[in-house]
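Student: Build me a model from this:
(2 chains)
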Amino acid sequence: DAGVTQSPTHLIKTRGQQVTLRCSPKSGHDTVSWYQQALGQGPQFIFQYYEEEERQRGNFPDRFSGHQFPNYSSELNVNALLLGDSALYLCASSLSGQGYREQYFGPGTRLTVT
Amino acid sequence: EDQVTQSPEALRLQEGESSSLNCSYTVSGLRGLFWYRQDPGKGPEFLFTLYSAGEEKEKERLKATLTKKESFLHITAPKPEDSATYLCAVPGGSARQLTFGSGTQLTVLP
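Tutor: Below you'll find the predicted structure:
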């Protein structure tokens, strides 16, 4: 049973560039959430996708956008990169429905902006 | 707004020296509390879910407990391989997004 996978593992970009990160959820899961984790901090919620729509967004600017595909995989896009966007980007998957269920995380993508 | 505070920020233990990590929370209505373990450069690994005050969960040397205001992660006779950052989180909002604490970085010395 494959867990959550993310690609790429590491990425180095220059200020002003754009980046796309990818995520495949755990088998059987239909909901994908994205988090940003700065060094020494807990993950911060960016947004969540369910049924190919953004269900909720955290306190992140419009430069951060996403997409969910019919197979439940997801992409995170960041435009006009800033030095402060350097972080570990985590994808988490879960199963929708009643109750508040645990989310399972992927290994993350380490983004460095120079 | 949901808030989660973890203490201490860092903890160094000798192998076999038991201790506890604290997670205090402020939420409008608790819908569960999650504990995760995170190794350096990796994603958080799910450990436990607690839903109601008085509930306890155990896994190997770890035991999580929950009261109305806080949760404890007790580690009994830790080993060096237990070294990691331990995160707690509460779900909230219509999307069930997780609000995390900043974590406790645990180091177990041999």
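Student: all strands in chain A, in order from the N-terminus.
Tutor: For chain A, strands defined by DSSP state E occupy the ranges A:5-7, A:10-13, A:19-24, A:31-37, A:44-50, A:53-57, A:64-68, A:74-78, A:87-94, A:104-105, A:109-113.
Student: Generate TSV for those strands, with distance to chain B and mean neighbour count as supplementary columns.
Tutor: Backbone N, C-alpha and C define where each C-beta goes, glycine included. Putting the strands of chain A into TSV (distance: least, C-beta to the nearest C-beta, whole Å; neighbours: other C-beta atoms under 10 Å in any protein chain shown) gives the following:
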stretch	distance to chain B	mean neighbour count
strand A:5-7	8	16
strand A:10-13	10	13
strand A:19-24	11	20
strand A:31-37	6	25
strand A:44-50	4	22
strand A:53-57	3	15
strand A:64-68	13	19
strand A:74-78	14	21
strand A:87-94	5	24
strand A:104-105	4	23
strand A:109-113	7	18
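Student: Name the residues of chain B found near chain A, please.
Tutor: B:4, B:31-32, B:34, B:36, B:41-46, B:49, B:87, B:89, B:91, B:93-103 (C-beta under 8 Å from any C-beta of the partner chain).
Student: In helices, which of those residues fall?
Tutor: Residues from these lying in helices, with DSSP state H as the criterion: none.
Student: Sitting in strands, which of the residues you listed do you find?
Tutor: Using DSSP E, the residues of chain B next to chain A in strands are B:4, B:34, B:36, B:45-46, B:49, B:87, B:89, B:91, B:97-100.
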